[in-house]
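Trainee: could you work out the structure for the sequence below:
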Amino acid sequence: KRLNVPMILTNAMQVLNFVFFSVCIYLAETAELNKLMQDIICNGAIVLFIVGFVIEMVLQKQTVDMEKQLNPEKQGNIFDVKFQEVWVNSCDEAQKLMIYKAGYQAFKVTNYTCMGVWLLTLIAQSMFQTGIFPVICIGIIWMVLIMTYSITSYRLENKK
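Mentor: The predicted model follows:
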């Protein structure tokens, strides 16, 4: 149970790191600041982004290594491109079922979230003239979600 907390935190850190980086760059470009302040904010954002990413990777590696010590059958290196595939393949049936149930729950929640965010972007488009880019971005994410689920389900059902 204790190993779940660092993984949850590093996953949240990753998203917040990307959002914080984007906000800093946006502020540096749009705020009425002199060139020196813009450079400081941009360079600071880059340094914090890289440092945050390194911290996330170190914490994830330590957590995975600890899990592998507790469960020697676990395999995988977080720096490997196919880490998740190798990790899932080293799980027993109960762990795989938990992963699949969590994945389906994430699919359902993300589907509803896309619908809600689409509605917000549609309202913002009408009321604040935000343009169609936010709606298109949500549409792309939503389409990838739905098509990935649908195609994967089709392939699994028709597997020979």
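Trainee: distance of residue 138 from residue 118?
Mentor: Per CB to CB, to the nearest Å, residue 138 is found 5 Å from residue 118. For glycine as for every other residue, the C-beta is placed from the backbone atoms N, C-alpha and C.
Trainee: looking at those two, which one has more neighbours?
Mentor: Using other CB atoms under 10 Å, the more surrounded residue of residue 138 and residue 118 is residue 138, with 20 against 17.
Trainee: ok, the more buried one touching residue 119?
Mentor: No: contact status for residue 138 versus residue 119: not in contact, 9.5 Å apart, counting by CB atoms under 8 Å.
Trainee: show me the common contact partners of those two, please.
Mentor: Contact criterion CB atoms under 8 Å, 6 or more residues apart in numbering; residues shared by residue 138 and residue 119: none found.
Trainee: how about residue 80, secondary structure?
Mentor: coil (DSSP: H, G, I helix; E, B strand; the rest coil).
Trainee: quick one: residues contacting it.
Mentor: Neighbours of residue 80 in contact, by CB under 8 Å, 6+ apart: residue 86.
Trainee: what about 10 Å?
Mentor: Shown in contact with residue 80 (CB atoms under 10 Å, 6 or more residues apart in numbering): 86-87.
Trainee: now do the phi/psi pair for it.
Mentor: phi -80, psi 140 (degrees, to the nearest 10).
Trainee: please begin residue numbering at 3 from this point
Mentor: Renumbered: residue one is now 3, and that last one reads residue 82.
Trainee: what score does it have for pLDDT?
Mentor: pLDDT, residue 82: 93.
Trainee: how close does it get to residue 66?
Mentor: Distance of residue 82 to residue 66, computed by CB to CB: 11 Å.
Trainee: now for these two: what residues contact both?
Mentor: In contact with both residue 82 and residue 66: residue 89, using CB under 10 Å, 6+ apart.
Trainee: helices along this structure, start to end?
Mentor: Along the chain, counting by DSSP state H, helices occupy 6-32, 37-72, 85-91, 95-130, 135-159.
Trainee: looking at the ones you listed, which is closest to residue 78?
Mentor: helix 85-91 (4.0 Å; CB to CB).
Trainee: against which helices or strands is that closest one packed?
Mentor: Secondary-structure packing of helix 85-91 (3 or more CB pairs under 10 Å, 6 or more residues apart in numbering; DSSP states H and E): helix 37-72, helix 95-130.
Trainee: would you mind putting the CA coordinates of that helix into CSV?
Mentor: Provided in CSV are the C-alpha atoms of helix 85-91 (Å, rounded to 0.1, in the frame of the first residue of the first chain):
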residue,chain,number,x,y,z
PHE,A,85,8.5,-1.2,-19.4
GLN,A,86,4.7,-1.3,-18.9
GLU,A,87,4.3,-4.3,-21.2
VAL,A,88,7.1,-6.2,-19.4
TRP,A,89,5.7,-5.2,-16.0
VAL,A,90,2.2,-6.4,-16.7
ASN,A,91,3.5,-9.6,-18.2
